[in-house]
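Chemist: here is the input, now give the coordinates:
(2 chains)
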2 protein chains.
Amino acid sequence: MSTWSSRFANGFQESGEGPAISRAVLGGKGLGLCEMARAGLPVPPGFTLTTASSLAYFEAGRRCPDDVDAEMVESLRWLEETLGRRLGDPARPLLLSVRSGAPVSMPGMMDTVLNLGLNAETTAGLAAETGDARYAFDCYRRFVQMFAEVVLGADADAFEHAIAARKRARGVAADTDLDADDLRALAAEFEALAEAAAKAPFPTDPLQQLRLARDAVFRSWYNQRARDYRRIHRIDEHMGTAVTVQAMVFGNRGWRSGSGVGFTRDPSTGEKVLYGEVLLNAQGEDVVAGTRTPLPLAELRRTLPEVHDQIAIIASRLEAHYRDIQDFEFTVEDGQLYMLQTRSGKRSGRAAVRIALELLDEGVCDEKAAIRLVQPAHIEHLLHKVFAPGQERVRLGRGLPASPGAATGRLAFTAEAAVEMAEAGVPVILARVETSPEDIAGMHASAGILTARGGMTSHAAVVARQMGTCCVAGCDAADIDTAAGTLRLGGQTLKAGDWLSLDGSAGEVILGRLQLVDPDLHDPNFARFMTICDRHRRLRVRANADTPEDARRAAAFGAEGIGLCRTEHMFFAADRLPVVQRMIMSEAEEARAAALAELLPFQRADFIGLFEAMAGNPVTIRLLDPPLHEFLPRLAELVEEVAALERALASREATVRLFEMSGSEPAELAAIHHAMRAGEGMLAQRRALLERARSLTEMNPMLGHRGCRLGITAPGITQMQARAIFEAACAVHKRGLPVRPEIMIPLVSGVEELADQRAILEAVAEAVFQEQGVRVEHWIGTMIELPRACVLADEIARSADFFSFGTNDLTQTTFGFSRDDSGVFLRAYRDKGLMRDDPFAHLDQKGVGRLVAFAVRTGREAKPGLKIGVCGEHGGDPSSIAFFDRSGLDYVSCSPFRVPVARLAAALSALELAAEASA
Amino acid sequence: MSTWSSRFANGFQESGEGPAISRAVLGGKGLGLCEMARAGLPVPPGFTLTTASSLAYFEAGRRCPDDVDAEMVESLRWLEETLGRRLGDPARPLLLSVRSGAPVSMPGMMDTVLNLGLNAETTAGLAAETGDARYAFDCYRRFVQMFAEVVLGADADAFEHAIAARKRARGVAADTDLDADDLRALAAEFEALAEAAAKAPFPTDPLQQLRLARDAVFRSWYNQRARDYRRIHRIDEHMGTAVTVQAMVFGNRGWRSGSGVGFTRDPSTGEKVLYGEVLLNAQGEDVVAGTRTPLPLAELRRTLPEVHDQIAIIASRLEAHYRDIQDFEFTVEDGQLYMLQTRSGKRSGRAAVRIALELLDEGVCDEKAAIRLVQPAHIEHLLHKVFAPGQERVRLGRGLPASPGAATGRLAFTAEAAVEMAEAGVPVILARVETSPEDIAGMHASAGILTARGGMTSHAAVVARQMGTCCVAGCDAADIDTAAGTLRLGGQTLKAGDWLSLDGSAGEVILGRLQLVDPDLHDPNFARFMTICDRHRRLRVRANADTPEDARRAAAFGAEGIGLCRTEHMFFAADRLPVVQRMIMSEAEEARAAALAELLPFQRADFIGLFEAMAGNPVTIRLLDPPLHEFLPRLAELVEEVAALERALASREATVRLFEMSGSEPAELAAIHHAMRAGEGMLAQRRALLERARSLTEMNPMLGHRGCRLGITAPGITQMQARAIFEAACAVHKRGLPVRPEIMIPLVSGVEELADQRAILEAVAEAVFQEQGVRVEHWIGTMIELPRACVLADEIARSADFFSFGTNDLTQTTFGFSRDDSGVFLRAYRDKGLMRDDPFAHLDQKGVGRLVAFAVRTGREAKPGLKIGVCGEHGGDPSSIAFFDRSGLDYVSCSPFRVPVARLAAALSALELAAEASA
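Modeler: Down below sits the predicted model:
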């Protein structure tokens, strides 16, 4: 009875009393082999050491426990019996492959040793048995190289150099041109290299070879590239890897042998054709190494037609079994086909959608299964430009993948330059140290945005995602000198106008101009697939949209309302900012009221546009949120401006004195006096602005005078915004169109603030309805974005028509992390394994999520049926969406370009919850 | 059966079926009268409308409900029968006093109407009945004036002017010199004034007068000064006021009549003597008005000896009944004594302690009751200097009462100037816009500190409380121009060296020099009282202390350990700061390590001092907490410094060029070149500092790179601090002294950070113990100061030996309020009634407290018996202490000067919990 291993052979698969036949226990590779064996497909026999055995290895302090080892030897004996061959037997040597296989696919990240079991005697035996000395020595030198690299830590280059030297010496081009003697000599050279690396003799006992290889494969779970891969792909660090020990089959036994990989469909288009490549007279790693060019799989039809037919039949059986496109590896040994691996095939976004729909139409799977065949990342990929395949990329540096897609353009260093270049028809990449609301026009004009500072929720990242513009943020290594107009990165110095490309999905900055491929948003497959998703989700999906244009785009992407309209974005438009500044500068109540009155028509017009675009779907409008100093020029700029004006004035005064001393009064004097008066006026105005900006300066603006605190200290702002909203709603209503305004009060810490602002809103609503002679149904709710609001959600719920979680701010305050400042130490946290995910990208379910769940539960206890959504950045993140669905939220709201992603994520979550419920 | 009123008369007190005889129902005044009546003391009969009746009045929209009014009339009829007099009866007129009386004493805040019931007819009747026309008209003009002011809203000045004019015309000095005709004429003038104010005839119907007066007294619950008083004293806004309607007795019926107030003991010293004042031939308000000088109560022994004796007997009965010093009002009408009010007497801190102990020694009360007789504010008062009584104060402005006590000194505007003046023996008031750690020496040298910005937990406030130095913080109106050396406030402009006084307990800034009285800390009563408190509390009290000096002071005040040693305060000392800066500036790991090694001996010496001062009591040391930029000069200063160095260099270069042009090479040239080289070196150094300071600049430092995040990104700092702590502990242990180090890791958001830092600490501990050959028991715990730490307290508890709540930061993050920036809007919140208490002064029990309670519960579930304390500013606040006691914390930690306050507060809390448990 086996505990640590699971055996398989052609048509046989040990089951019943051994380890569970599951991906978690056997890894992807082990499971695939077991299942193929069970289905009677031709697999070389072998056994899989379970993931638990690798965990036991690490637990024992990187030592293989005796019982694991004993069971491996027992399974080996079984394998020897099954095949009638023995490990180390010169007469009939058994050769093994030892391969890793994690429960989650981590292609190429961990290690493999092939041809294990060879030494001088068994190599001689193999030569004798096969009558092919060249083949035997080819196997041996491959084994020594691989074993040396993987187990003994030798450097790969030395082996490649030795082969190259030998080929040069023999005057041949291809490895296959080397003869048996060459390979024998090479094998000896390789052994010497291995012994140099190990500082010990090369192990000749095949069982010892197996034990060492097994442990090396265990250890490769924790090698650097595997850890990095897991971090990037958010894979659990504690699953461990399985190890499959399998009899070797040989693709290098001549021209009726070969190794290849295949896909059951075309992984880039999704078309239903057998797709793949094969390399004759070669082992598997030759295909990967790329030293010889493989043939298309279809070529086999000519050279080994029966093998081709067998592959086609097996491919269709695999697809029928797995109900998904399969990516398989095979080896042909002297005309005999062996399947070495099968797994779900990686595919492009376009292919994923097409395959899902075709499998559905073929009756292979139902709608639920079809949805599961597409990942949120596929949809994301589908919605953005990508680089045309096959182009070489010169990567200058890496930043955060802040907004997906690809972009290529000429460099601009200021928003103004970006706008100018864009107007001249030039595609622009805007490079800024960081962006601010004043850069909006330039960001809008650009094809891509690069920043040196800021995280996944920095201004640049948020705005770029909102616009659907590709963005690489927080590229620390980039030295952007705006004044000099240079970008230094990766050893290059680029100037304004130079070509640069960005991969916003990977966070890469690439030198020069690359060709792009447009997304096909009108692909009927896409629309049909999204409709299927919609049928299976409970969670509603809204969009964050600040302008009618955003809103129309959101509607086109299937948004079922606006979950967040940030009214302050309306304040930054060029025609409004001066009025906003006048409002901020007003000391007197009337002056402030006058400025607010000037803003009213702008806001009203915006809201009318939003209501119309949403056609009766809810439009959630957040009252003014950011601190007022964000609307003033930056302090440093004002200081410089004032100093420059002072210098100009002083210089003019000096000129006047000079004239006075000389007694002359030329005509220019009047002009100078005029300029001085104008300069004095300007100076006084800028000084006042500077003083106000100084008085608004805060130590911690994130925790300062913003959100509802603005509306409480300056109720006139709330009144103006309320009037704009209700007048807009009445205007649309009077045209006979449906309208559903939801007003959201930001940053409340308790019910008192909500009640204060609500009273103002209700009073204005009543006044407007009286004036307009109509009433419009409306809802007044609140952002839940402070821990105290979560804790007191029950009280707050009684005064709120809805909740909307602002998980960005809630994450900042719950962790005490400023998203602007946390980059430095969060990097250290991730490097040290103290934190798996960026909590601003993926909701921290354990901490922040607990507060969210508490607020949902207590809020609904106080007000049954309370509508609850989320409008932070997490609203577009699939793992966070699953959490929100599970927590019972009614909707998520995200940037328009993520709406389809969210629709799929919501459907996937619903399917998972249903599966759990029925389990 | 009465619902809304409770009747009393001499020896009679309605009970059983009427309203409950309680302070909440009858108010303090009503309850005192009821109880005195019940005890047979001479009180004029009357009845009290309950607090519920005022609430009913407000609920009905400021209208007296019919049933309340009907019951009042019924009680009035009972009163008329009792006395054989009728309201409005010219033959035997009944006159009434109508007085407010809240459940909590709010002296002088609400309104009163006396002599009610008079009009032309009843005044004539009163004159006829008493045969004293002067007396009758005196009553009448008093009534008209009071009614006009309280009920009709007339201005008091006009009445005073009329009296003054009349006295001038008659050539007399005192009111008592005016005769009946004068008073009749005055009454007529007063009626005219009243009618002008009311724009209506003066009401002559006595019942209507009563109804109007009653409603005015109800309304006075919400007058501005009452609201302000409640806000300042944190009194519930929704209790309402009772109204007592009582037969008038007359202190103005001649020289065998009078009104007075008395105390059963001396309220400033606590001495057991009858203490008070009396004014003959006068009503009560004349005593308060201060127009005539009253006589000491003892004088009565001469003039009305039987009344004096009666008062003495009653005083001793009142004290025996209430078991506390009583403050009572009385009136003598023609030799007949009437008690009008009794209440617990306000007393000085010194008196409070003495009275409590003497009542205990007299057997009047037990220890528990004695403790309850002293309030935390009394102890606070006792520990600080106060202004000598009787000095006139010219108040220039108000700020926050940031650190209690009084101070007087000469103005200094910089820390350096303060140190210089103090060294010359001059007492200093340091005035700063806000303080920073660099000001510490100046703050230490000063008698008092004034800041224009910052709240109750600003740097100035925290440090001042720690030092026991008087501080008024956040005095917005103060215009402090440090460069010019001026302070503009309250219309005055003061210069450096001018005298100024501060009342840190009241938050007042006072012009000029005032005399101070020192606290008597060696008062044996104080020590004895504190010992009694200690016997009755459960909660332990520790002190926040950063230096051995602080620690010794804390021990003297009874601290049972150090709950918070902020190690960064050790970094600011003049001999250490340059080393700290070198550490921050080091790019290379070795340079940083070298700087840290230099800091080690300083820290070790400090810790040895702390351990010795605490003599085996726990010493909780917090690892470095603030962001590193706090140790660098301020950015603006560095910018200026660099600019100045650049200018100097440029000017020297110009001089050199001039010499070169002129071809001369004088001797100075060498000196100039030398200076230039020095200047260049300096410039390079400052530029590097500036660059580092810039790179450390954060948007929101509160949420930035600080706390354990420092020790995680720079483990060398944690290692150095750990080594200093453990080496110090070993050194003290080797001397045979007990030592109990507790190491506290700040700002953890989850267990991972704690585990990371804990591993470093344990490794260093092991290394040091090996080196030293001894082991010292030690504890490693964590601050709980982020919402996420509260939410995940169970996980964190498993890796922590103790928790210490950092409620300052927890308040900031839970509310999303920066304590540095929230002043502006929190003022608006309080003005609008959105927030009763400053959450930085008094723990927000509802929100923050819920997180605290959750963390305590789940932390202890995970680790039973987990030791938990608090070390934020709230640890010294009585209401917060009560909450912490109730939540099951083991200790609070506060600044040394608040330790005795906390000991009392903890005892009071324990008594209250015990009382609740037995109820």
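Chemist: what residues are up against A:E149?
Modeler: Under the criterion of C-beta atoms under 8 Å, 6 or more residues apart in numbering or on different chains, the neighbours of A:E149 are A:155-156, A:159. For glycine as for every other residue, the C-beta is placed from the backbone atoms N, C-alpha and C.
Chemist: and if we set it to 7 Å?
Modeler: When the contact criterion is C-beta atoms under 7 Å, 6 or more residues apart in numbering or on different chains, the partners of A:E149 are A:A156.
Chemist: tell me the phi and psi of the residue in the stretch 501-650 of chain A positioned nearest to chain B?
Modeler: Of the residues in the stretch 501-650 of chain A, the one nearest chain B is A:P627, at a distance of 9.0 Å by C-beta to the nearest C-beta. Dihedral pair for A:P627: phi -60, psi 150, per degrees, to the nearest 10.
Chemist: just give the nearest non-adjacent residue to it, would you?
Modeler: Of all residues not flanking A:P627 in the chain, A:R706 sits nearest, at 4.4 Å (C-beta to C-beta, 6 or more residues apart in numbering or on different chains).
Chemist: got it, and A:A120?
Modeler: Nearest non-adjacent residue to A:A120 (C-beta to C-beta, 6+ apart): A:T204, at 7.2 Å.
Chemist: next one: the one you found from A:I881, what distance?
Modeler: Plainly put, A:T204 is 57 Å away from A:I881 if you go by C-beta to C-beta, to the nearest Å.
Chemist: what's the separation between the spatially closest residue to A:R453 that is not a sequence neighbour and B:D534?
Modeler: Nearest residue to A:R453 in three dimensions, chain neighbours excluded: A:E434, at 4.5 Å (C-beta to C-beta, 6+ apart). Relative to B:D534, A:E434 is positioned 57 Å away (criterion: C-beta to C-beta).
Chemist: which parts of stretch A:293-304 are buried?
Modeler: With burial defined by 16 or more other C-beta atoms under 10 Å in any protein chain shown, the residues of stretch A:293-304 counted as buried are A:294-295, A:297, A:300, A:304.
Chemist: show me the two of the residues you listed that sit farthest apart.
Modeler: A:P294 and A:L304 (14.2 Å; C-beta to C-beta).
Chemist: tell me which residue of the stretch 251-400 of chain A lies closest to chain B.
Modeler: Closest approach of the stretch 251-400 of chain A to chain B (C-beta to the nearest C-beta) occurs at A:L400, with a separation of 17.3 Å.
Chemist: now for that residue: which residues touch it?
Modeler: Applying C-beta under 7 Å, 6+ apart, we find A:L400 in contact with A:455-456, A:472-474, A:507.
Chemist: of those residues - the most surrounded one?
Modeler: The most neighbours of any of these, using other C-beta atoms under 10 Å in any protein chain shown, belong to A:V472, which has 32 neighbours.
Chemist: that residue touches A:L502, doesn't it?
Modeler: Yes - because the distance of 5.0 Å satisfies C-beta atoms under 7 Å, A:V472 is recorded as touching A:L502.
Chemist: need the overlap of contacts for the two.
Modeler: Common neighbours of A:V472 and A:L502 (C-beta under 7 Å, 6+ apart) are A:450, A:509.
Chemist: hmm, back to that, so A:T204 and A:I881 - more neighbours on which side?
Modeler: Neighbours were tallied for A:T204 and for A:I881 using other C-beta under 10 Å; the higher tally belongs to A:I881 (31 against 14).
Chemist: how many other residues sit next to A:E861?
Modeler: A:E861 has 12 neighbouring residues, counting by other C-beta under 10 Å.
Chemist: er, A:D838 I mean
Modeler: For A:D838, the tally of surrounding residues (other C-beta under 10 Å) stands at 20.
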